[in-house]
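Asks: next come a sequence and a model predicted from it.
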Amino acid sequence: MTNRFRFLACSNCATTYPTDYHSRCTKCGGILEAHYRLEGKFPTDFERRSMWDFADFLPPVKEENVVSLGEGWTPHVPSPNFAKRVGLRHVWCKLEGCNPTGSFKDRTASLGLSLVREWGKKGVFAASDGNAGAAISAYSARAQVRCLILISEDAPTQKLAQIMIYSPTLLRVRGLYESASSLESALAQAQDVLPDWLNLFIWAPFNPLLVEPYTSIAYEIALNKEIPDYIFVPVAGGELLSGISRGFQELREMGMLDRTPKLVAVQGKGADPTVQAIEKGLDKVLETGPPVTVAGAIRVNFGAEHSIKAVRKSGGFGISVTDEQILNAQKQIARDEGIFCEISSAVALAAISEALSLGKMGADETATTILTGAGLKDYLSTDADLSRAPISESVSSLSMTLKKVIATGRTEVAA
Ligand SMILES: [Zn+2]
């Protein structure tokens with residue numbers, strides 16, 4: 001097979017740009033999109049070793065330049081107990097937490113560090129307190145490439161620990177995430193100081209190529225044969241959703257699918273600028289006040305139009321859920337299916353119940369939730385409260401205490 005990448009072009013005015021171009025269209029401000037040759041059939045006989053099975057549908061990278069830790073081909077798990085509880089015919093969970101650093105960002109970090117080698121760059125930089133920071137740091141270590149991660153002044157230590165173990169250069173920046181323009185300014189200054197380093201900030205308006213690895217999530221779901229009616233996607237910048245959308249569109253153009261799933265953009269209430277824009281019928285995302293939600297990985301007050309377009313094109317909708325709904329869903333999927341996802345992933349699960357109760361979907365339909373990160377990355381510390389577990393005061397009294405515990409059902413599982 002040969003690589004099918006053609007060019008980057010503006011999604012509004014179709015002006016083409018070099019593959020390594022980093023920004024919006026200079027003529028009309030549109031977001032750029034990658035284009036591929038889509039003639040022939042989509043291949044189906046993969047070895048299922050990593051996302052690089054789909055290398056022909058990614059920006060071109062020579063095989064010797066690929067930086068991989070085995071990312072991709074995450075499980076797409078039927079979740080019948082959860083489906084029954086929420087009252088939907090079928091639910092699958094796409095476990096992106098099974099990627100090497102525990103989140104979907106590994107797909108992009110793998111492409112990003114491979115491009116560093118392909119393009120002969122000296123290092124990488126990005127802004128992220130969380131999953132992207134961990135993924136880019138890990139893949140930089142794998143590639144033995146220098147890495148700078150900009151983080152906020154008060155970055156949460158739970159996720160920082162994972163970033164720091166890979167030993168990137170860290171710089172705390174006060175006000176980093178105040179607005180899209182503050183982020184843009186920080187990254188532009190980093191690029192000025194480090195002209196030979198690659199900006200790996202994962203946001204299509206800055207970095208259109210980094211959406212590309214998320215098409216592989218659509219390919220993997222489609223290769224599982226049964227296509228869900230809906231895909232629920234947690235949204236911060238919107239890259240994951242727009243990448244999945246692109247993947248399904250490509251499969252449809254290649255004749256592999258006769259229909260594509262409706263995409264649902266999910267955010268936390270209090271940090272839902274993209275959902276608001278979809279509901280109001282706007283063509284761009286308006287910046288809101290300081291974002292407040294328990295879902296830290298999608299706590300944003302800005303967004304971009306690519307995710308709005310992707311949702312509309314698919315016939316889907318946007319929905320936001322409360323902290324209480326999110327935290328309940330995180331516990332429920334663990335009890336129902338043995339799946340521990342991070343808080344920001346549970347928004348997708350919580351949104352199914354909300355969508356059903358609002359009549360946005362029917363009980364006889366099916367849905368996949370994209371569970372973006374592993375549970376150990378982000379959970380409430382109160383969930384590890386020992387006082388909720390009964391105690392046997394000595395080993396010799398264990399059997400007596402255990403009989404009482406079993407009889408009264410005082411265990412967390414039965415609660
Ligand atoms: Zn343009």
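Replies: Yep, it's here. Numbering: from 1, shown residues only.
Asks: for the closest residue to Gly40 other than its chain neighbours, what are its contacts?
Replies: Computed as CB to CB, 6 or more residues apart in numbering, the closest residue to Gly40 that is not its neighbour in sequence is Met254, at 7.1 Å. To be clear about C-beta, it is placed using only N, CA and C from the backbone, and glycine gets the same treatment. Residues in contact with Met254 (CB atoms under 8 Å, 6 or more residues apart in numbering) are Leu38, Gly40, Lys41, Phe42.
Asks: going by neighbour count, which of those residues comes out on top?
Replies: Of all these, the highest neighbour tally under other CB atoms under 10 Å goes to Phe42, namely 18 neighbours.
Asks: what sits against the closest residue to the ion within the stretch 51-200 of the chain?
Replies: The ion sits closest to Glu184 of the stretch 51-200 of the chain, with a gap of 18.3 Å, by CB to the ion. Neighbour list for Glu184: Phe206 [criterion: CB under 8 Å, 6+ apart].
Asks: could you look up the SS state of it?
Replies: helix (DSSP: H, G, I helix; E, B strand; the rest coil).
Asks: quickly note the distance from it to Leu257.
Replies: 37 Å (CB to CB, to the nearest Å).
Asks: mind listing residues that contact the lowest-mean-pLDDT helix or strand in the chain?
Replies: Taking mean pLDDT, DSSP states H and E as the measure, the chain has helix 157-165 as its least confident helix or strand, at a mean of 90. Contacts with helix 157-165, where a contact means CB under 8 Å, 6+ apart, come from 101-102, 129-131, 133-134, 137, 149, 151, 170, 296, 377-378.
Asks: swap in stretch 188-202?
Replies: With CB under 8 Å, 6+ apart, stretch 188-202 has contacts from 22, 105, 108-109, 112, 115-116, 119, 121-128, 132, 136, 146, 148, 150, 183, 187, 206-207, 210, 237, 239.
Asks: got the end-to-end distance for it?
Replies: End-to-end distance of stretch 188-202 (CA to CA, to the nearest Å): 14 Å.
Asks: how far does it sit from its chain's centre?
Replies: For stretch 188-202, the separation from the chain centroid amounts to 23 Å (computed by CA atoms, centre = their mean, to the nearest Å).
Asks: buried stuff in it?
Replies: Residues of stretch 188-202 classed as buried by neighbour count (16 or more other CB atoms under 10 Å): Ala190, Gln191, Leu194, Trp197, Leu198, Asn199, Leu200, Phe201, Ile202.
Asks: for stretch 141-154, same thing?
Replies: Of the residues in stretch 141-154, those with enough neighbours to count as buried (16+ other CB under 10 Å) are Ala141, Arg142, Ala143, Val145, Arg146, Cys147, Leu148, Ile149, Leu150, Ile151, Ser152.
Asks: one step back: would you indicate which residues of the least confident helix or strand of the chain are buried?
Replies: Of all the residues in helix 157-165, those buried under the rule 16+ other CB under 10 Å are Lys159, Leu160, Gln162, Ile163.
Asks: quick check, nearest of the residues you listed to Asn65?
Replies: When the buried residues of helix 157-165 are ranked by distance to Asn65 (CB to CB), Ile163 comes first, at 24.4 Å.
Asks: what sits closest to that closest one if chain neighbours are left out?
Replies: In space, Ile163 is closest to Gly133, 4.5 Å off (CB to CB, 6+ apart).
Asks: residues contacting the one you found?
Replies: Counting by CB under 8 Å, 6+ apart, Gly133 touches Ala126, Ile149, Ile151, Lys159, Ile163, Pro168.
Asks: re the thing from before, and the residue nearest to Gly40, how close does it get to the ion?
Replies: Met254 is 26 Å from the ion, where distance means CB to the ion, to the nearest Å.
Asks: do Ser357 as well
Replies: Separation of Ser357 from the ion (CB to the ion) stands at 41 Å.
Asks: what's the helix or strand for Ser307?
Replies: Using DSSP states H and E, Ser307 falls within helix 305-314.
Asks: distance from that helix to the middle of the chain?
Replies: On the basis of CA atoms, centre = their mean, helix 305-314 sits 16 Å off its chain's mean C-alpha point.
Asks: tell me the helix or strand right after it.
Replies: By DSSP H and E, the next helix or strand past helix 305-314 is strand 317-321.
Asks: now do that following strand: which elements does it pack against?
Replies: Contacts defined by 3 or more CB pairs under 8 Å, 6 or more residues apart in numbering; DSSP states H and E place strand 317-321 against strand 262-268, helix 273-280, helix 343-357.
Asks: what lines up beside that strand in the sheet?
Replies: Each strand that pairs with strand 317-321, with its direction, by DSSP bridges: strand 262-268 (parallel).
Asks: how about the partner strand as PDB, C-alpha atoms only?
Replies: Provided in PDB are the C-alpha atoms of strand 262-268 (Å, rounded to 0.1, in the frame of the first residue of the first chain):
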ATOM      1  CA  LYS A 262     -24.700  10.500  14.800                       C
ATOM      2  CA  LEU A 263     -22.100  12.300  16.900                       C
ATOM      3  CA  VAL A 264     -23.000  13.700  20.300                       C
ATOM      4  CA  ALA A 265     -20.700  16.400  21.800                       C
ATOM      5  CA  VAL A 266     -20.700  16.100  25.600                       C
ATOM      6  CA  GLN A 267     -19.500  18.600  28.100                       C
ATOM      7  CA  GLY A 268     -19.900  19.400  31.800                       C
END
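Asks: give me the contacts around it.
Replies: Strand 262-268 is contacted from outside by 229-235, 238, 241, 244-245, 273-275, 278, 293-295, 298-299, 307, 310-311, 314-323, 326, 347-348, 350-351, 355, 367, using CB under 8 Å, 6+ apart.
Asks: cool, thanks, signing off.
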